[in-house]
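Visitor: the following comprises the amino acid sequence and a computationally predicted model.
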2 protein chains.
Amino acid sequence: MTTHTHDTAPTQFVEANGVRFAYRRFGKTGGVPIVMNIHFRGTMDHWDPLITDGLAQQREVILFDNAGVGGSSGETPATMAGMATNAVAFIRALGISKTDVLGYSIGGKVAQEIAVQAPDLVRKLILVGTGPRGADTAASKSAEIFSATYDPPEHLWIAAHFLPNANGRAAGLAYLERKHRRQDRVPEVSETSAAAQLRAIAVSNEKTEGVWDYLATIRIPVLVIDGSNDLIIPTINGFTLQQHLPNAQLIIYPDSSHAPFYQYPELFLAHAALFLDA
Amino acid sequence: MTTHTHDTAPTQFVEANGVRFAYRRFGKTGGVPIVMNIHFRGTMDHWDPLITDGLAQQREVILFDNAGVGGSSGETPATMAGMATNAVAFIRALGISKTDVLGYSIGGKVAQEIAVQAPDLVRKLILVGTGPRGADTAASKSAEIFSATYDPPEHLWIAAHFLPNANGRAAGLAYLERKHRRQDRVPEVSETSAAAQLRAIAVSNEKTEGVWDYLATIRIPVLVIDGSNDLIIPTINGFTLQQHLPNAQLIIYPDSSHAPFYQYPELFLAHAALFLDA
């Protein structure tokens, strides 16, 4: 059997909930897999191969494009719950009855909703650079970062993921080099889908009384990972998640913004393995 | 050569700064040792042997009683800086020019002051269940916990270290059993020394303008460890430390109070090794 990697895993398709989902799977089979939920404007091709291949050493990694994103058909819902419903349908369509789930940024918000909607399906949750419903975004630089222009355009992802300092820039350039290695890619996120994602973010961040109460219902083990200075979803939201989830570990890395796991890949992989294999 | 452990390491003595310091050292020699700073009313005998022996697998562990505490002579200073000056004198008297430092609770406050006073001496810092100068103690239950009576009296340490729930009580009883294994112990902390420690805590917690500025001067790598619900030094102080130290990683463990490392010894030892050996 061929051992596939992030760069070589073929794109496959499965139908569920009226959507033709594009996905890739690779890594060590036979245990609990991990399903990866990507960020705003992200597709399967946006993951850092160091992270996905690193996780794949010990478990099967499943990347997918949610409805209306990248290589998948359908319409992107304008709510996190809607995206989670599609994600659950996709996971079940693969015949999986128990999985770990990782979510990054809005993928972390979707991951929480997956755990809420399908508590039987999810064993453990890793939430990176994200926040709860009703997140505190007062200090977020997201609007500025995503509305600025970059030359070359993909340097948006250096600004979105890393701190504007020497370490952040070096980590960002190295990440982009790894990201661009794969030749067979899916289309980028359309403006229509990005607009739906933005509406979902706005709805999710509404602050209503008891908005954090749902966190008490997520009783599985959760690992929350944050950068010291998350410019997109401020770091305090990781602390809020830890304080309101019944069984959450929080790790904050120094000198990092929205993508601490891309900046400290080896340390993150060691921490994730300790958490997932406990 | 005999391999000593927490339970068997003989108590030794060294003179420095007019104090006869009691100490014990054991573990793997040849690398950077780790000097352990204990909590309020604590002596060398209060450390959890699972932690000290676990650290000793990979490095030399040095336990000591600071001035006026346990087996050491002298007077306990009424400031953290005074305790740190004695600690630095003790470390240098052992001929050590570079060391890691772990501090728990007020030991963590002393450890910070050691790093401030002797930046050349300290390689890395681990701070457990502690806070910065000007700590936020509004939600602390410390006064209630330390003024209550316990039967048997040593159950104070279950209340001081663990959450008042089933997991906390079980972890607390297991800790006490491990702690009591050692036969050759030093005297408990005197009321005079405890009073000086309380004065030092009160002074340290004064909130003055710019009270956290000193944290920017501690430029070495720091690992901050906190329980999700620290009843003695509230958990928010760990977040404050992380946010104001230039190079700090924060890990918060679920379902734990002041002694998360005694409750999750294996996970803590793995996290500490990743940090110290990086």
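Guide: On my side now, so go ahead. Quick caveat: nothing in here was measured; it's all calculated off a predicted structure.
Visitor: pull out the buried positions in stretch A:147-157.
Guide: Applying a neighbour-count criterion of 16 or more other C-beta atoms under 10 Å in any protein chain shown, one finds A:155, A:157 buried in stretch A:147-157. Using the backbone N, CA and C atoms, a C-beta is placed for each residue, glycine as well.
Visitor: centre of the chain to that stretch, how far?
Guide: How far stretch A:147-157 lies from its chain's middle: 21 Å, per C-alpha atoms, centre = their mean, to the nearest Å.
Visitor: for stretch A:101-117, same thing?
Guide: Averaging C-alpha positions (C-alpha atoms, centre = their mean) puts stretch A:101-117 7 Å from its chain's average.
Visitor: so which strand or helix has the residue of the stretch 101-250 of chain A found nearest chain B?
Guide: Per C-beta to the nearest C-beta, A:Leu250 is where the stretch 101-250 of chain A lies closest to chain B, at 4.2 Å. If you go by DSSP states H and E, A:Leu250 is part of strand A:248-253.
Visitor: wait, does the next helix or strand after that strand contact chain B?
Guide: For strand A:248-253, the following helix or strand on the C-terminal side (DSSP H and E) is helix A:260-263. No: contact of helix A:260-263 with chain B is not found when judged by C-beta under 8 Å from any C-beta of the partner chain; the minimum separation is 9.8 Å.
Visitor: next, the angle helix B:265-276 makes with the next helix or strand after helix A:260-263.
Guide: Sequence-wise, the next helix or strand downstream of helix A:260-263 (DSSP H and E) is helix A:265-276. Here helix A:265-276 runs at an angle of 180 degrees relative to helix B:265-276 (axes from the mean of the first three to the mean of the last three C-alpha atoms, to 10 degrees).
Visitor: and helix A:265-276, what does it pack against?
Guide: Secondary-structure packing of helix A:265-276 (3 or more C-beta pairs under 8 Å, 6 or more residues apart in numbering or on different chains; DSSP states H and E): helix A:49-56, strand A:122-128, strand A:222-227, strand A:248-253, helix B:265-276.
Visitor: relative to the whole chain's centre, how far out is the last one?
Guide: Using C-alpha atoms, centre = their mean, the distance from the centre of helix B:265-276 to the centre of the chain it belongs to is 16 Å.
Visitor: wait, what's in contact with the closest residue in space to A:Met83 that isn't next to it in sequence?
Guide: Spatial nearest neighbour of A:Met83, excluding adjacent residues (C-beta to C-beta, 6 or more residues apart in numbering or on different chains): A:Val110 at 4.7 Å. Contact analysis of A:Val110 by C-beta atoms under 8 Å, 6 or more residues apart in numbering or on different chains lists A:37, A:66, A:80, A:83-84, A:87, A:103.
Visitor: a markdown table please, covering those residues and showing neighbour count and secondary structure.
Guide: Converted to a markdown table, those look like this (neighbours: other C-beta atoms under 10 Å in any protein chain shown; DSSP: H, G, I helix; E, B strand; the rest coil):
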| residue | neighbour count | secondary structure |
| --- | --- | --- |
| A:Asn37 | 28 | strand |
| A:Asn66 | 28 | coil |
| A:Met80 | 25 | helix |
| A:Met83 | 27 | helix |
| A:Ala84 | 25 | helix |
| A:Ala87 | 28 | helix |
| A:Gly103 | 28 | strand |
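Visitor: flag every residue of the stretch 151-278 of chain A that's near chain B.
Guide: Counting by C-beta under 8 Å from any C-beta, the stretch 151-278 of chain A comes close to chain B at A:221, A:228, A:235-236, A:239, A:242-243, A:245-255, A:267, A:270-271, A:274, A:278.
Visitor: which SS class is the nearest residue to A:Asp7 once chain neighbours are set aside?
Guide: In space, A:Asp7 comes closest to A:Arg182 once its chain neighbours are excluded; the distance is 4.7 Å by C-beta to C-beta, 6+ apart. The assignment at A:Arg182 comes out as coil when based on DSSP: H, G, I helix; E, B strand; the rest coil.
Visitor: so A:Arg182 makes contact with A:His6?
Guide: Yes: using C-beta atoms under 8 Å, A:Arg182 is in contact with A:His6, at 6.7 Å.
Visitor: could you point out the longest strand of chain A?
Guide: Looking across chain A with DSSP state E, the single longest strand is strand A:19-27.
Visitor: what helices and strands are in contact with that one?
Guide: Applying 3+ C-beta pairs under 8 Å, 6+ apart, one finds that strand A:19-27 contacts strand A:12-16, helix A:49-56, strand A:60-64, helix A:80-93.
Visitor: partner residues bridging the residue lying closest to A:Gln249 once chain neighbours are set aside?
Guide: Nearest-residue entry for A:Gln249: A:Leu223, 5.2 Å, with adjacent residues in sequence omitted and distances by C-beta to C-beta, 6+ apart. Beta bridges link A:Leu223 to A:Ile126, A:Gln249, judged by DSSP bridges.
Visitor: now do A:Leu223 against A:His258, distance only.
Guide: Applying C-beta to C-beta, to the nearest Å, the value for A:Leu223 to A:His258 is 17 Å.
Visitor: neighbour-wise, which of the two wins?
Guide: More neighbours surround A:His258 than the other of A:Leu223 and A:His258, with 31 against 23 (other C-beta atoms under 10 Å in any protein chain shown).
Visitor: is it true that the more buried one touches A:Ile232?
Guide: Yes: contact criterion C-beta under 8 Å: A:His258 and A:Ile232 qualify, at 4.3 Å.
Visitor: need the residues touching each of those two.
Guide: Shared contacts of A:His258 and A:Ile232 (C-beta under 8 Å, 6+ apart): A:105, A:129, A:160.
Visitor: save these as a markdown table, and put in pLDDT and neighbour count too.
Guide: Below are these laid out as a markdown table (pLDDT from 0 to 100; neighbours: other C-beta atoms under 10 Å in any protein chain shown):
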| residue | pLDDT | neighbour count |
| --- | --- | --- |
| A:Ser105 | 98 | 27 |
| A:Gly129 | 98 | 31 |
| A:Ala160 | 98 | 24 |
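Visitor: residues contacting the most centrally placed residue in chain A?
Guide: In chain A, the residue lying closest to the centroid (C-alpha atoms, centre = their mean) is A:Tyr104, at 2.5 Å. Contacts for A:Tyr104 (C-beta under 8 Å, 6+ apart) come out as A:36-39, A:42, A:128-130, A:259, A:261.
Visitor: quick check, A:Ile201 in contact with A:Phe40.
Guide: Yes: judged on C-beta under 8 Å, A:Ile201 makes contact with A:Phe40 at a distance of 7.1 Å.
Visitor: shared neighbours, these two?
Guide: Listed as contacting both A:Ile201 and A:Phe40 by C-beta under 8 Å, 6+ apart are A:Ile106.
Visitor: ok so, going back, can you list contacts of the strand holding A:Leu250?
Guide: Strand A:248-253 has contacts (C-beta under 8 Å, 6+ apart) with A:221-228, A:235, A:238-239, A:241-242, A:260, A:263-264, A:267-268, A:271, A:275, B:228, B:239, B:242, B:249-254.
Visitor: and that strand, average pLDDT?
Guide: Strand A:248-253 carries an average pLDDT of 98.
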